[in-house]
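Q: sequence and predicted model, in that order:
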Amino acid sequence: MDKTVLLVSLGERFDAARAADMAQRLTEGLDGVRLRAFAAVEEDDTYVYVDGDAAGQPEVQARLAELFPGAQARVLHLTLDLAGASAGLDAPWHYIVETDVLPEAEADLNAWYDQEHLPGLASVPGTVRAQRYECRDQGPRYLACYDLETRETFGSPPWLAVRATDWSSRVRPSFRNTRRTMFQKIL
């Protein structure tokens, strides 16, 4: 799997109108670029995923720097993409876990995410899609994201059951620089 996306943290909360304006200015004249934008629910931040042929190109990053001088961009490499139990439904909620991991626990973390955790959360009713990315150039190195039909999916009994396994309890203490954020789709 060799798909990459550019993830941009704008450092402030955008609404739908401002996100649409940003998208128009960022993609003007560029073919094959798609944007998805999510505003953090409890923080002042907006994450924008730039997908498509030109996503990682220097001209996209240069335009980002010009339009949004404080924005931080990271190139993410898709490592796992799973349809959820509610695939095909609208997903206005986007939950992200970003983390680094102790070097001695890296193999265990990757096996846990790929074999148990991401498939388990993808199977929860209300999960539309579950994806995992790696950022090879900066931290946090790992990012898992879940597109959700309802905000209540997060924290539901089936969701909590997946999080409460013995393997989860063994892996989680090795997380470092962890950030967990609930976002709402705005574009």
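A: Received the coordinates, thanks.
Q: any idea how far the residue nearest the centre of the chain is from L121?
A: In the chain, the C-alpha nearest the mean C-alpha coordinate belongs to C145, at 4.1 Å (Cα atoms, centre = their mean). Distance, C145 to L121, by Cβ to Cβ, to the nearest Å: 10 Å. Quick note: C-beta positions are derived from backbone N, CA and C, even for glycine.
Q: so what sits against both of those two?
A: A130 (Cβ atoms under 8 Å, 6 or more residues apart in numbering).
Q: which is the next helix or strand following the helix or strand of the chain with the lowest mean pLDDT?
A: The element with the least model confidence among the helices and strands of the chain, by mean pLDDT, DSSP states H and E, is helix 58-67, at a mean of 81. Going down the chain from helix 58-67, the next helix or strand is strand 72-83, by DSSP states H and E.
Q: for that following strand, buried residues please.
A: Buried residues in strand 72-83, counted by 16 or more other Cβ atoms under 10 Å: A73, R74, V75, L76, T79, L80, L82.
Q: okay, those residues in CSV with pLDDT and distance to Q61 next?
A: CSV is the format used below for these (pLDDT from 0 to 100; distance: Cβ to Cβ, whole Å):
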residue, pLDDT, distance to Q61
A73, 88, 6
R74, 91, 11
V75, 90, 9
L76, 93, 14
T79, 97, 22
L80, 97, 25
L82, 98, 29
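Q: now that we have those residues, can you turn them into CSV and tack on distance to Q131?
A: CSV is the format used below for these (distance: Cβ to Cβ, whole Å):
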residue, distance to Q131
A73, 18
R74, 15
V75, 15
L76, 9
T79, 8
L80, 7
L82, 7
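Q: neighbouring contacts of the longest helix belonging to the chain?
A: Taking DSSP state H as the criterion, the chain has its longest helix at helix 16-27. For helix 16-27, contacts defined as Cβ under 8 Å, 6+ apart pick out 10, 14, 33, 35, 37, 39, 46, 48, 50, 60, 63-64, 67-68, 186-187.
Q: residues of that helix that come out buried?
A: So helix 16-27, judged by 16+ other Cβ under 10 Å, has buried residues R18, A19, M22, A23, L26, T27.
Q: again, but for stretch 82-97
A: Applying 16+ other Cβ under 10 Å to stretch 82-97 flags L82, G84, A85, S86, L89, A91, P92, W93, H94, Y95, I96, V97 as buried.
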